[in-house]
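A.B. asks: 3D, please:
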Amino acid sequence: MKFAVLVFPGSNCDIDCYKAVEDTIGQPVDYVWHTATDLSAYDGILVPGGFSYGDYLRCGAISRFAPVMNEVAKAAEEGKFILGICNGFQILTEAGLLPGTLLRNTSLKFRCHDTVLRVENNTNPFTSEYAAGEEIVIPIAHGEGNYYCDDATLEQLKKNNQIIFTYVNNPNGSLEDIAGISNERGNVVGMMPHPERAVDSLFGSEDGKKMFTSILKAWRDRHESASVR
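C.D. replies: Residues are numbered from 1 along each chain as shown. Next up is the predicted model:
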């Protein structure tokens, strides 16, 4: 399985994502610049955290128009696996690949610490290695992580089981304690916490490992199924 880690001006978690793929699941991974116009060689795409374009205008609002995002949209349509983390989540909502938006934390402060998440959906390709309801420790680092959507969208998220993670102790005022969601198809996931920073006990938690092993398993299962046909 080959991964692309997108890099925007101001990205600062691209190396973390790269190393998480390389060290956790040992798969090929490349950095891909925001001007790229072809992602066809990749099976998984990671949109990392940071402060793309300095968070000017609005978090992710400028990155949403980068040439590579046209290719991300194509990859999503093709069913490829896409994970947006922190600023990457914000970019995916700005691009319309995930519903809702991310607002300023209700405290109006940047929050940077470990947080406990509950796995709400373990049938998603990114979470199959977790148990339903499992509580995991994943760090956060954001000032605009307050997830919001309208009532109709929230109803759809619940109906389609698109709420992937919730906070056990909400750090930012996020609606219904939402920490991560997927698109309706389940192949695009966005989350504010950083699983790539929780892949080794030296970091204080290795609970993020299962996200990477889950996606590799999903990709292998898909390809084995296709080969049988």
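
A.B. asks: What strand or helix carries Ala75?
C.D. replies: helix 67-77 (DSSP states H and E).

A.B. asks: Isn't Asp23 up against Phe203?
C.D. replies: No - the criterion here is Cβ atoms under 8 Å, and Asp23 misses it with Phe203 at 11.5 Å. The way it works is simple: take the backbone N, C-alpha and C, and place the C-beta from them, glycine included.

A.B. asks: Settle it for me: which of the two has more neighbours?
C.D. replies: Each of Asp23 and Phe203 has its neighbours counted (other Cβ atoms under 10 Å); Phe203 has more, 16 against 12.

A.B. asks: Excluding covalently adjacent residues, which one is nearest to that one?
C.D. replies: Closest residue to Phe203 apart from its sequence neighbours, by Cβ to Cβ, 6 or more residues apart in numbering: Arg197 at 6.0 Å.

A.B. asks: follow-up on the earlier one: run through who's touching the helix holding Ala75.
C.D. replies: 6, 32-39, 42, 45, 47, 63, 82, 91, 95, 97, 183, 187-188 (Cβ atoms under 8 Å, 6 or more residues apart in numbering).

A.B. asks: Filter those down to the ones in helices?
C.D. replies: Ile91 (DSSP state H).

A.B. asks: Just the buried positions in the helix holding Ala75, please.
C.D. replies: For helix 67-77, the neighbour count (16 or more other Cβ atoms under 10 Å) marks 68-69, 71-73, 75-76 as buried.

A.B. asks: Kindly report the same for stretch 190-203.
C.D. replies: 190-199, 203.
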